[in-house]
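**Q** Would you be able to build a 3D model of this:
(2 chains)
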Amino acid sequence: MNLLIRNGRVIDPANGLDAPAEVLILDGRVSRVGPRLEVPAETPSVDAGGRVVAPGFMDIHVHLREPGQEYKETIATGTRAAAAGGFAAIACMANTQPVNDTRAVTDYITAQARAEGVVRVYPIGAVTRGLGGRELAELGELAEAGCVAYSDDGRPVMSSALLRRALEYAQAFGKPIVSHAEDATLADGGVMHEGFVSTDLGLRGIPAAAEEIMVARDIALAELTGHRVHIAHVSTAAAVRLLRDARARGVPVTGEVTPHHLLLTDETLRSYDANAKMAPPLRGKRDVEACREALADGTLDAIATDHAPHALADKEVELDQAANGIVGLETAVALCLTHLVRERVLDLGTLIARLTVGPARILDLPGGSLTPGAPGDVTILDLDREHVIDPGRFYSRARNTPFRGWRCVGAPWMTIVGGRVVMAEGVVERGPSR
Amino acid sequence: MGLKRKDLLEIRSLEPAEIQTILDTAASMKEIASREIKKVPALRGKTVVNLFLEPSTRTRTSFEIAGKWLSADVINVSGSSSSVVKGETLMDTAKNIEAMSPDCVVIRHSASGAPHMLARALKCSIINAGDGMHEHPTQALLDLLTIREKRGHLEGLSVAIVGDIAHSRVARSNIAGMRKMGMSVTVAGPPTLIPPGIEELGVKVAYRLEDTIRDVDVIMMLRLQQERMTANYIPSLREYSRLYGLSLEKLAGARDDVLIMHPGPVNRGIEMAPEVADGPYSVILEQVANGVAVRMALLYLLLGGKPAEA
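**A** Residues are numbered from 1 along each chain as shown, chains lettered A, B, ... in the order given. Now for the predicted structure:
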């Protein structure tokens, strides 16, 4: 696919670029970036009209639910939600049913993504069989089948010995391990962050230490084995401190943070709305501030949504029994533009870096920059578009978000994958199979 | 109109004046209990559903009597603590009940916040009869009524709430109600059973029973909620009883006119020695009697009655 993107302000943090420029995509790959490019005759073009043109955004933490829980989401609906939210590539977690712990499941996911997906889908395989935390999954075969990382996300790998072996063994394939850092014995059935609010609401709390202990352990094991650990959904101030120290020492560890851990605190649970129930839980104000600082200074490399679609029936129940998580693909970029960039927590270039080159480096994914030869993936932002978050308009099959009714200024305007426009002005194309 | 609210979900959202209104109305309801024919027509034609999804004898019976003495039609629905176990969600159960047009649903549930969920979904009044570890507002109101009867006022009194604070909805409701009414509150228990940040509710925290009860007007002992505990909150019942159980010896250090309360059921010999539970300072059975009056007052005020009339 060929495409010329004209009249944009191109921001490509990987190449230190922020300037008016044109982006030329030839045969699905970035060909050149610069002012007034010479292009082959009859190259189709898009007029970005002064909007911001960035490398295609990547979300490395998504739950697609297919196979097994298609009533919550499918690869078709999940990738459309991604496109609508400005993401050109997503990595999907292994906690499907069956678990993505064998080549057969990975093959199914990649085949479905080819047939029904509208953005790039990178599967993440399980660390342990069935996410059981007892025996290693066949990490080599998962890598051969196309898995870009390993994770038991949704569950911590509680055995330090097993995680050590996983890290050692995974070195042969060069794929990092993504850690759901939570000491399950301390979390102990908790439903929210432990603190005054949990005491006040009479809800069982999960102490911040449940995360911090495991982050400390994971750092120690990364140091021991020399292999890369990526900490998913970092949420506490002390976890951030541990990561900052470890990185300063050169330990191969990275971290991501979700928009909800950057924008909401445990006070959100006061409504007893299950849409504010997540793992890790929404933390206190100081934790939120620490995560924001860490995102700004690069201690946290990426924003990832932890897109966790659930059916209404999984959420419209007593808080104790409600499923964890929220959808994030369609709200993340608008929320970050509104509440991080406009409120000067991050500058625009840093936000784009955390949505492009940051995640690409964590999982060694192609893309994340407009370097010639890179995949022709582009996200175009309209920084002035005012809108109100309306779950009724989501492409995702799920509606579970605590951000319903939030006013946003700024939104993804166009998503381009391999030179093909898959979303324009909020409307997603129907996709290859329809 | 009675109370200007549709539901009674928690003490913390009540104004002190509303608490006063409820207590005044409850005091006037007590006279009905002494009549030979214990029935007034105040709620004739109204339907109250007691939806008790967690085991309870005294609270359910108390609400049932309260409704019946006011001539409401009272229907009791009980079930397992988990609606999921039954295969039907709480919301489905509630919507089915609402389809039968009750005026009020009284709910007891093991999950904190369950009454709030119902209150959002249903048009009828919701009364929280205890939700998880969150609140038990009618218990706090009957406790306040009992203290006010005994002391003639609430403001300026001091209370020690002792025991399993972490798992206690009674403690949370009482702290909120007592602070609103100008009382000072100290919570005492083993540190494992004192939840984090509780000082922010305006209470003092103590770990030694003897020091705590020395100069208070009221000692409120709580039940050790072993069913809500996972392992190792206390080393043994024996040690808990020795350190935090209220014995005659420990009581000797308290004031001569101290009131001893307990929301029940009492684990005799653990939280409280039998001779203390049945002794002269104990107002435990008066609490139970006042429970009916408070629940009558609430049903009456929420379902359209006027304050302090019956």
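**Q** Residue 272: how many residues sit nearby?
**A** Let's take chain A. 24 (other Cβ atoms under 10 Å in any protein chain shown). (Each C-beta comes from the backbone N, C-alpha and C, glycine too.)
**Q** ah, no, chain B please
**A** Residue B:272, neighbours per other Cβ under 10 Å, totals 27.
**Q** now swap in residue B:152 and tell me
**A** 7.
**Q** And the one 3 residues further on, by the same measure?
**A** The criterion is other Cβ under 10 Å. On that basis, residue B:155 has 9 neighbouring residues.
**Q** Run through who's touching the helix or strand of chain B with the lowest mean pLDDT.
**A** The helix or strand of chain B with the poorest confidence is helix B:90-99; it has a mean of 87 (mean pLDDT, DSSP states H and E). Applying Cβ atoms under 8 Å, 6 or more residues apart in numbering or on different chains, the external contacts of helix B:90-99 come out as A:316-318, B:49, B:51, B:53, B:77, B:79, B:83, B:86, B:105, B:109, B:114, B:117-118, B:121-124.
**Q** Apply 6 Å and report the result again.
**A** A:316, A:318, B:49, B:83, B:118, B:122 (Cβ atoms under 6 Å, 6 or more residues apart in numbering or on different chains).
**Q** Next, residue A:17: phi, psi?
**A** Main-chain dihedrals, residue A:17, degrees, to the nearest 10: phi -110, psi 130.
**Q** bridging residues for the residue nearest to it when sequence neighbours are not counted?
**A** Spatial nearest neighbour of residue A:17, excluding adjacent residues (Cβ to Cβ, 6 or more residues apart in numbering or on different chains): residue A:10 at 5.9 Å. Residues in a beta bridge with residue A:10, per DSSP bridges, are residue A:19, residue A:53.
**Q** Residue A:10: how many residues sit nearby?
**A** 24.
**Q** on that earlier part again, the next helix or strand after the least confident helix or strand of chain B near chain A anywhere?
**A** Sequence-wise, the next helix or strand downstream of helix B:90-99 (DSSP states H and E) is strand B:104-109. No - using Cβ under 6 Å from any Cβ of the partner chain, strand B:104-109 never reaches chain A; the gap is at least 6.9 Å.
**Q** returning to what we had before: tell me the least confident of the contacts of helix B:90-99?
**A** Note: of the contacts of helix B:90-99, the lowest pLDDT belongs to residue B:83, at 50.
**Q** Any idea how many residues pack against whichever residue of the stretch 51-200 of chain A sits closest to chain B?
**A** For the stretch 51-200 of chain A, the residue closest to chain B is residue A:196, as judged by Cβ to the nearest Cβ, at 3.0 Å. As a burial measure, residue A:196 scores 19 neighbours (other Cβ under 10 Å).
**Q** pLDDT weak spots in the chain?
**A** Went with chain A since none was named. Within chain A, the stretches with pLDDT under 70 are A:431-434.
**Q** wrong one, I was asking about chain B
**A** B:1-2, B:80-86, B:228-230, B:306-310.
**Q** sorry, back to before: let me know whether the residue nearest to residue A:17 touches residue A:21 as I believe.
**A** Yes - counting by Cβ atoms under 6 Å, residue A:10 touches residue A:21, with 4.1 Å between them.
**Q** Tell me, how many residues neighbour residue B:117?
**A** Counted with other Cβ under 10 Å, residue B:117 comes out at 26.
**Q** Any figure for the gap between it and chain A?
**A** As judged by Cβ to the nearest Cβ, to the nearest Å, residue B:117 and chain A stand 6 Å apart.
**Q** now do residue B:139
**A** Going from residue B:139 to chain A by Cβ to the nearest Cβ gives 14 Å.
**Q** same deal with residue B:79?
**A** Applying Cβ to the nearest Cβ to residue B:79 and chain A gives a distance of 13 Å.
**Q** For that residue, which non-adjacent residue is closest in space?
**A** residue B:53 (5.2 Å).
**Q** right, and the residue of the stretch 51-200 of chain A closest to chain B touches residue B:200 too?
**A** Yes - applying Cβ under 6 Å, one finds residue A:196 in contact with residue B:200, separated by 4.7 Å.
**Q** quick one on the thing from earlier: what is the burial count for the residue nearest to residue B:79?
**A** 23.
**Q** go on, the one 3 residues further on?
**A** Other residues near residue B:56 come to 16 when the count uses other Cβ under 10 Å.
**Q** Just give the number of residues close to residue A:391.
**A** Residues lying near residue A:391 (other Cβ under 10 Å) number 17.
**Q** Can you tell me, leaving aside adjacent residues, what's nearest to it?
**A** residue A:399 (4.1 Å).
**Q** got the angle for the least confident helix or strand of chain B vs strand B:104-109?
**A** Going by axes from the mean of the first three to the mean of the last three Cα atoms, to 10 degrees, helix B:90-99 is angled at 160 degrees with respect to strand B:104-109.
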